[in-house]
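Student: Sequence first, predicted model second:
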Amino acid sequence: MDVTDALRALGGTARWKSLRGHVGWRAIKRARAAGAVEFRDGAYHLVGTGKDRVMALRLRGVRSHTTAAAFWRFALPPASVQTVHLTVPANAHRDDVPDDVMLRYRNLDQQDRVGDVTSPTRTVVDCLRDESLRVALSVGDSALASGAVTWQDLDRAVSALRGAGSAVARTRLRQLDARAANAFESCARAILLEAGLTGFRTQVTIRHRGQWVGRVDLADTRLRIVVECDGFETHGGRDAFVRDLVRFTLLVSGGWRPLRFTWEQVMFQPEWVLDRVRDVVDGDAGAPGEERLPSRADRRAA
């Protein structure tokens, strides 16, 4: 995984113990040499290019959406900050807008902005209304988890929305969950929700015959399906390997059907992930020895 993607998913800042399971030391050194990452106060931090501020000044706009989310260090999936998002007044006219800048024409109240960037609450509301579900959940989950926004503030702001996207924002607000650990888990949940699989809950505690099995990333307790996002944690070493096997065996023996997905699969092969979950939900995984024709997503993943 790219170092900047890993840091962005964790909200722009992380210590080495959170990165080492998925990012190599040499990759971090290269990112630091390139000026994309800096190390201070015992942690690694993303370094902004400053282009968003330049564009905000030039186009007389307010940084918003994923651009503002990155500023507030909310978690974001890969490739979500390639475009600079700015909000300008509804009746504004701007010439010579670069291709990698997107303008939103809306009037902002004073409380909706902090200098040249939208407030944390407004940033989350904009993402709920205008961005993809995976971005909306990543930003909203991490904003709630960080304490930068409250559920009451979001509910009040979303309830006041009118016009295009307001109904979508209200639906997505109910789907936020501050227990999601990072954008990895938020994006996995988005895949399921977009497919109408609404029974999965975040950070579910599972026991088997009174024995603690663990807290899983996502679980549907009715269907007894577990979805695990194997990413930022490290499972290296024999002790961790044994614990991992015991956990998996206890889940299966307790009647659960665990599925484990990598960062790359969730972020870049969502259709393949969904097909695997549907296989289990529909009981279509195939009997032992039964040949199963690969799906379209299977063929692309191969």
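Tutor: Okay, I see it.

Student: who touches the nearest residue to residue 37 once chain neighbours are set aside in this structure?
Tutor: Nearest non-adjacent residue to residue 37, counting by CB to CB, 6 or more residues apart in numbering: residue 31, 4.1 Å away. The way it works is simple: take the backbone N, C-alpha and C, and place the C-beta from them, glycine included. Shown in contact with residue 31 (CB atoms under 8 Å, 6 or more residues apart in numbering): 3-4, 37.

Student: If we only consider those, which is nearest to residue 246?
Tutor: Among the contacts of residue 31, residue 3 lies closest to residue 246 (CB to CB), at 32.3 Å.

Student: circling back: could you check the pLDDT of the residue nearest to residue 37?
Tutor: With respect to pLDDT, residue 31 has a value of 89.

Student: And the one 5 residues further on, by the same measure?
Tutor: Predicted confidence (pLDDT) at residue 36: the value is 86.

Student: quick revisit: identify those among the contacts of residue 31 that sit within helices.
Tutor: Mapping those onto helices (DSSP state H) picks out 3-4.

Student: Do you have the helices of the stretch 51-200 of the chain handy? List them.
Tutor: Ranges of helices in the stretch 51-200 of the chain, per DSSP state H, counting those that start in this stretch, are 51-58, 65-71, 120-130, 133-146, 151-159, 166-173, 183-194.

Student: Identify, from the contacts of residue 31, the entry nearest to residue 186.
Tutor: residue 4 (17.8 Å).

Student: residues in contact with the closest residue to the closest one other than its chain neighbours?
Tutor: The shortest distance from residue 4 to any residue other than its chain neighbours is 5.5 Å, reached at residue 36 (CB to CB, 6+ apart). Contact analysis of residue 36 by CB under 8 Å, 6+ apart lists 3-4, 46-47.

Student: Likewise for residue 120?
Tutor: Contacts for residue 120 (CB under 8 Å, 6+ apart) come out as 72, 74, 143, 148-149.

Student: Also residue 259?
Tutor: 225-228, 276-277, 280 are the contacts of residue 259 under CB under 8 Å, 6+ apart.

Student: Next one: it from residue 168, what distance?
Tutor: 28 Å (CB to CB, to the nearest Å).

Student: same thing with residue 132?
Tutor: Per CB to CB, residue 132 is found 11 Å from residue 168.

Student: if we can go back for a sec, name the element the residue nearest to residue 37 belongs to?
Tutor: Using DSSP states H and E, residue 31 sits within helix 25-33.

Student: Can you list the buried residues in that helix?
Tutor: For helix 25-33, burial by neighbour count (16 or more other CB atoms under 10 Å) applies to 27-28, 31.

Student: Figure out how far it is from the centre of its chain.
Tutor: 24 Å (CA atoms, centre = their mean, to the nearest Å).
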